[in-house]
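Asker: Prediction below, plus the sequence it came from.
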Amino acid sequence: QACFFHIDQFDDVTDTLTLSRDLPAVPQAGDTFRPIIGGNFRSAQECFGLAVGGQIPELEAVACTNVTGVTVTKASGLLGEGNIYVSYDVTLDELYLRRDGEQNGVGLDVSADLTDAIVFAQDAQAYFRINVIAASLPVGNTSDIFTLTCPEAVFTPDFEGYETAEGTGGKIRYRLEVLRNEDTVDTMVDLQVYSGKPTGGPTTITSSQSLTTDAGQFSVADATDWPARSFWVKNTTRTDCRYINYRSGTTFYAAAADSGLRGYTAVNWEQSDNVQVMSDVDIAVEVPTAGQFADPDGEITPPVGVSFAEHASVNDSIYIGDLATGEMIGVWRRETIVDNHRARKLIRCDTICLWS
């Protein structure tokens, strides 16, 4: 489902649109789903895996520094975030992949040039897709280390500052993202989905004003790496949440919660309560009927028959199971935009999907 973007201006000489905010990702050369032909698609290019050393290899292949002649074109999401090692054995003429704390996977024969070859990690499921120029391989044993991360702000747009105005009561919008197994042979095994969330470690409340349904403030023990403004906090002690207008050091200034936000009932927060950063979105899964989903009835009309909740980690993901060839599943996103919302850049709440 498409996202709305406000247009600042249009140049009819160059046919160029200038948007109020950047798109989640720059449209790639070769895309065919342009808005001018009624596309409503971000891109026609392959879905991204993990970023390798900060680069998305599907957009630009990542070259190994020491294992010359090898470039990475995709990093499987099953590898997970963290360090990954690519090593070359000159005697065996084989390439290996290894994660921290694991042994090498099965070696890949690189005695000849390869295109879109797969080298597996120890579990024989997570992988790198690579290209190899055999004549450029090193003359001795060597290795490279990369840091893998989930790409940020690739599919999810920044919420815009004028989504709501003061006194309008805020806005809740819904978007449908469809996952389809386009492979003609392999099943997507153990598919699970969750959303990203901002950085910042769990902490405790050290002092607070009365924080029930009205706006209020509270202080925490540690707010290192937390966002500075416009973010959500979950109180895991009270099973409640608040929207934070801004943070000054370790003091958070919360918006009014009325009777409750995002399906929670507003209660008073107290000293020693445990709190953590919360994802900006709630998600739910819908199974299509006869291979089709109902057309969304506008962005503010909730879908029928689905139950939303925050799922913001691999340990709290929605488990879908196997998705056979040609099958699809719908992931609904609920975005709660409070009264007089203020936007921030680089909202990390992309939908993250893992499978083998």
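Answerer: Good, I have the coordinates.

Asker: Poorly predicted segments of the chain, please.
Answerer: By pLDDT under 70, the weakly predicted segments of the chain are 1-8, 20-47, 152-169, 340, 342-347.

Asker: what about 80?
Answerer: Applying pLDDT under 80 to the chain picks out residues 1-9, 15-48, 59, 151-170, 208-210, 294-299, 339-348.

Asker: Report back the residue of it that's furthest from centre.
Answerer: What lies farthest from the middle of the chain is residue 91; by CA atoms, centre = their mean that is 40.7 Å.

Asker: For the closest residue in space to that one that isn't next to it in sequence, give its distance to residue 207.
Answerer: Leaving out its chain neighbours, the residue that sits closest to residue 91 by CB to CB, 6 or more residues apart in numbering is residue 141, at 7.9 Å. Glycine gets a C-beta too; all of them are placed from N, C-alpha and C. The gap separating residue 141 from residue 207 is 58 Å, by CB to CB, to the nearest Å.

Asker: now residue 329
Answerer: Distance, residue 329 to residue 207, by CB to CB: 45 Å.

Asker: So between these two, which is more surrounded?
Answerer: The residue with more neighbours, out of residue 329 and residue 207, is residue 329; 22 against 12, by other CB atoms under 10 Å.

Asker: so what's the more buried one up against?
Answerer: By CB atoms under 8 Å, 6 or more residues apart in numbering, residue 329 lies in contact with 178, 179, 191, 285, 286, 287, 288, 320, 323.

Asker: going on from the helix or strand containing the first one, what's the next piece of helix or strand?
Answerer: The secondary structure element spanning residue 178 is strand 171-180 (assigned by DSSP states H and E). Along the chain past strand 171-180, the next helix or strand (assigned with DSSP H and E) turns out to be strand 188-195.

Asker: partners of that next one in the sheet?
Answerer: Strand pairing for strand 188-195, determined by DSSP bridges: strand 318-323 (antiparallel), strand 351-354 (antiparallel).

Asker: how about the CA coordinates for that strand, as CSV?
Answerer: Provided in CSV are the C-alpha atoms of strand 188-195 (Å, rounded to 0.1, in the frame of the first residue of the first chain):
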residue,chain,number,x,y,z
MET,A,188,10.0,-19.9,2.9
VAL,A,189,10.5,-21.9,6.1
ASP,A,190,9.7,-20.5,9.6
LEU,A,191,8.8,-17.0,8.4
GLN,A,192,8.5,-14.5,11.3
VAL,A,193,8.1,-10.8,11.3
TYR,A,194,8.6,-7.9,13.7
SER,A,195,9.3,-4.2,13.5
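
Asker: So what angle separates the directions of it and strand 171-180?
Answerer: Per axes from the mean of the first three to the mean of the last three CA atoms, to 10 degrees, the angle that strand 188-195 makes with strand 171-180 is 160 degrees.

Asker: what's the most buried one of the strands paired with strand 188-195?
Answerer: strand 351-354 (a mean of 18; mean count of other CB atoms under 10 Å).

Asker: what's across from residue 193 in the sheet?
Answerer: Taking DSSP bridges as the rule, residue 193 bridges to residue 318, residue 353.

Asker: Could you count how many residues lie near it?
Answerer: 20.

Asker: Pull up the gap between it and residue 356, please.
Answerer: Residue 193 is 14 Å from residue 356, where distance means CB to CB.

Asker: Same check on residue 231?
Answerer: According to CB to CB, residue 231 and residue 356 sit 33 Å apart.

Asker: Could you check which of these two has the larger neighbour count?
Answerer: Legend: neighbour count by other CB under 10 Å for residue 231 and residue 356, higher for residue 231 (23 against 17).

Asker: List the first helix or strand encountered after the helix or strand that contains the more buried one toward the C-terminus.
Answerer: Here residue 231 sits within strand 229-235, counting by DSSP H and E. The helix or strand immediately downstream of strand 229-235 is strand 240-248, counting by DSSP H and E.

Asker: List phi and psi for residue 314.
Answerer: phi -60, psi -30 (degrees, to the nearest 10).

Asker: what number of residues lie near it?
Answerer: For residue 314, the neighbour count with other CB under 10 Å is 12.

Asker: Which residue, other than its chain neighbours, is closest to it?
Answerer: Closest residue to residue 314 apart from its sequence neighbours, by CB to CB, 6+ apart: residue 194 at 6.4 Å.

Asker: Angles on the backbone of residue 316, please.
Answerer: Torsion angles, degrees, to the nearest 10, at residue 316: phi -130, psi 40.
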